[in-house]
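Visitor: Quick one: sequence plus predicted model below, questions after.
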Amino acid sequence: MSSVAALAQSLGITLRALFSKPVTIPYPDAPVPLKPRWHGRHVLTRHPNGLEKCIGCSLCAAICPAYAIYVEPAENDPAHPTSAGERYAKVYEINMLRCIFCGLCEEACPTGAVVLGYDFEMADYRYSDLIYGKEDMLVEVQGTKPQRREAVYTGKPIKKGYTVPYVRAELEGFKAPLRQTVGGVKREETGQDEPLGGH
């Protein structure tokens, strides 16, 4: 093949790409098409009667490979139940900086309370604001999304944040023992109270 023919073939590919329809999505002006199995922000769901599906069993926290979930169960009040089980999640926190969005928490949940939704816009200005609490993930009415809080940099002092018990104990003023893991020893987390990007 001559050099002219090779050049013409190469330019033909370039010209075809030049006049073809662009594949770039003009985000955020146009919606981003997501696949049905997309793993986005976590959502805590409710039963049709309004009770929370989460029964505080902590299976999601136990299976989480990144130790991103912390659940503190409490006994359910029979007169005014929070969930359909004997217990409910008094505290439910997910550290979105540690989460790898694998979906194991969704698979482990026996009641279908934890669902990975389609929301992927979770940027914020502080580490502590990326530790989502129950109020950030729980739907008000079944079939709706939880209210998404907007990321606003206020310049205020940064609050301390925690996710797992050994970090919580350290931030509350006493040294917790090192957490044993399958692969050895898991050291305490540090640096969650530092601002992102040097702010």
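Guide: Ah, there it is.
Visitor: could you pull out the strands for the chain?
Guide: For the chain, strands defined by DSSP state E occupy the ranges 42-44, 69-75, 87-95, 114-116, 131-132, 179-181, 184-186.
Visitor: now these in TSV, with mean neighbour count and distance to M122?
Guide: Where C-beta positions appear, they are placed from N, C-alpha and C, glycine not excepted. Converted to TSV, the strands of the chain look like this (neighbours: other C-beta atoms under 10 Å; distance: least, C-beta to C-beta, whole Å):
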stretch	mean neighbour count	distance to M122
strand 42-44	22	10
strand 69-75	17	16
strand 87-95	21	11
strand 114-116	20	12
strand 131-132	23	9
strand 179-181	11	26
strand 184-186	10	25
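Visitor: Could I get the average pLDDT for stretch 2-11?
Guide: Taken as a whole, stretch 2-11 has an average pLDDT of 86.
Visitor: And for stretch 65-78?
Guide: Across stretch 65-78, the per-residue pLDDT values average to 94.
Visitor: do stretch 128-142 as well
Guide: Computed over stretch 128-142, the average pLDDT equals 85.
Visitor: Where does the prediction get shaky in the chain?
Guide: Within the chain, the segments meeting pLDDT under 70 span 1, 141-199.
Visitor: report the longest helix in it, please.
Guide: helix 3-19 (DSSP state H).
Visitor: How about stretch 133-140, which residues are buried there?
Guide: K134, D136, M137, L138, V139 (16 or more other C-beta atoms under 10 Å).
Visitor: Wait, the fourth one touches L51, no?
Guide: No - the pair formed by L138 and L51 falls short of the contact definition of C-beta atoms under 8 Å, at 11.5 Å.
Visitor: picking that back up, now, which of the buried residues of stretch 133-140 lie within helices?
Guide: K134, D136, M137.
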